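>>> coordinates only, sequence not included:
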C-alpha cells in the first residue's frame, strides 16, 4: 500500500531484490522502483480501492498512519485473498507513562478501527485493531520505534547531516553516552518480509536494542560521513531546555533523561531479536543516508502531514554563547 516513499520504498526494493512479484497501490505521485507493478488508487477516496477488487497475494504491507478507517476498508476488502496483513504501527500505541523495557503486553492507548482523523497514537492503535479484526492472528503488528535511513521524509537524520555539513560550533545535546534506539528502514523491511514469509502474527516491538549506538556515536558518525571538522559542544539538558529548545523536534532524535526517553530509547525488543531482527551499524545508516541526500541535491523530501524538524541557527548560537562557546556574529 503505497510503496514509493521511505519505509514503503524500502519494503518494495527489498522484495524486488528477493525476486518477489510486487504490486503497489498508490496515487502515482512518486516514481515506483523498477520492476514493481503499479495499480492506481487513492484509498481516501470513494472507490479508491477498486483496483484491488480482484487478485490474491501472499502478504500486504500497510504503512498508513492517518484515519484507521482506511486500514479497516483495505483489510476488509483483502480478507480471504491475502495471507498475512503486515501493519506498520508504532511504539506510540503504548500508554503513558511508559516504563523502561516495556514489552508488547504493556498497556495500550484506546483506539477504534472505525475512527476518522485522530491523534497519531490513536490512529496507529486503531489501525492495529482494524488489521486484527479481519486477519486475526494473521495480522502482523509491527510497532516500530524511531526509523532512520535513506529516503527519510521526516527530516531527522537529514537535518543532523545538513547541520554537521554546514560546519561551525554545533550544539550537541547530552548526555553524550545516552543510549539510543532506532531502526534503519531497510532492516525493518528485511524483518517484515522474513516474518511475513514465516507466517508470524501479533505485535512486535521493532527497533534496535537500547544502546545500539549512543548520542555521541550517532553525531560523531554524522560528522565523519559528511567530512565535517565542526566542533561538537556537548551540553547538559538543563540549559537546552531552559532556552525553550524542544527535544525531538528542535533537536531531532534527542530526548533528555525521563519518561519520554525511557519510552523511546529503552524499549524491550527481546521478542524481535529472538525472531531474527538484525540491525546494521549506525555508520552504515548514516553514510548511506548522506549519499542519498547528496544525490537529491541535499534537500530531503518532506511529508506534508509532518512538521519540519531542526533548530533555528540563532537559537543554537544563543545557547552556545551562554555556555561559553564563541560563535560567528
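Done, it's in. On a predicted model such as this, the values are computed, not experimentally measured, just so you know. Residues are numbered from 1 along each chain as shown.

>>> so after the helix or strand encompassing residue 218, what's the next helix or strand?
Assignment of secondary structure by DSSP states H and E places residue 218 within helix 215-226. On the C-terminal side of helix 215-226, the closest following helix or strand by DSSP H and E is strand 232-235.

>>> What is the distance between that next one and the centre of its chain?
26 Å (CA atoms, centre = their mean, to the nearest Å).

>>> Can you list the strands that that strand pairs with?
strand 170-173 (parallel) (DSSP bridges).

>>> So for the partner strand, mean pLDDT?
Averaged over strand 170-173, pLDDT sits at 98.

>>> which is the next helix or strand following that strand?
strand 179-180.

>>> pretty sure residue 272 contacts residue 191?
Yes. With contacts counted by CB atoms under 8 Å, residue 272 reaches residue 191, the gap being 7.1 Å. Placement of C-beta: from N, CA and C, glycine included.

>>> And the helices in the stretch 1-150 of the chain, which stretches?
For the stretch 1-150 of the chain, the helices defined by DSSP state H, counting those that start in this stretch cover 6-17, 68-78, 120-135.

>>> between these, which one is nearest to residue 151?
helix 6-17 (4.8 Å; CB to CB).

>>> can you give me how far the closest one is from the chain middle?
For helix 6-17, the separation from the chain centroid amounts to 14 Å (computed by CA atoms, centre = their mean).

>>> Okay, buried residues for that helix please.
Neighbour counts over helix 6-17 (16 or more other CB atoms under 10 Å) mark 6, 7, 8, 9, 10, 11, 12, 13, 14, 15 as buried.

>>> So what's the residue count around the closest residue to the third one other than its chain neighbours?
What that stands for is residue 8. Nearest non-adjacent residue to residue 8, counting by CB to CB, 6 or more residues apart in numbering: residue 2, 4.1 Å away. Neighbours of residue 2 under the rule other CB atoms under 10 Å: 21.

>>> ok, longest strand in the chain?
strand 82-90 (DSSP state E).

>>> Quickly run through the sheet partners of that strand, with directions.
strand 57-62 (parallel), strand 139-144 (parallel).

>>> ranking those by burial, who's on top?
Most buried of these by mean neighbour count (mean count of other CB atoms under 10 Å) is strand 139-144; its value is a mean of 24.

>>> Can you tell me what sits against it?
With contact meaning CB atoms under 8 Å, 6 or more residues apart in numbering, strand 139-144 is reached by 7, 75, 84-91, 93, 104, 128, 131-132, 183, 188, 192, 195-196, 200-207.

>>> of the buried residues of helix 6-17, closest to residue 162?
Scanning the buried residues of helix 6-17 for proximity to residue 162, where the rule is CB to CB, the winner is residue 6, at 17.5 Å.

>>> coming back round to it: mind putting the strands paired with strand 82-90 into CSV with mean pLDDT and distance to residue 113?
Below are the strands paired with strand 82-90 laid out as CSV (pLDDT from 0 to 100; distance: least, CB to CB, whole Å):
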stretch, mean pLDDT, distance to residue 113
strand 57-62, 98, 13
strand 139-144, 98, 11
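
>>> rewinding a little: and the helix holding residue 218, what's buried?
215, 216, 217, 218, 219, 220, 221, 222, 223, 225, 226.

>>> For my notes, please list the helices of the stretch 1-150 of the chain in JSON lines and give distance to residue 150 and mean pLDDT for each entry.
Output for the helices of the stretch 1-150 of the chain, formatted as JSON lines (distance: least, CB to CB, whole Å; pLDDT from 0 to 100):
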{"stretch": "helix 6-17", "distance to residue 150": "8", "mean pLDDT": "98"}
{"stretch": "helix 68-78", "distance to residue 150": "26", "mean pLDDT": "98"}
{"stretch": "helix 120-135", "distance to residue 150": "23", "mean pLDDT": "98"}
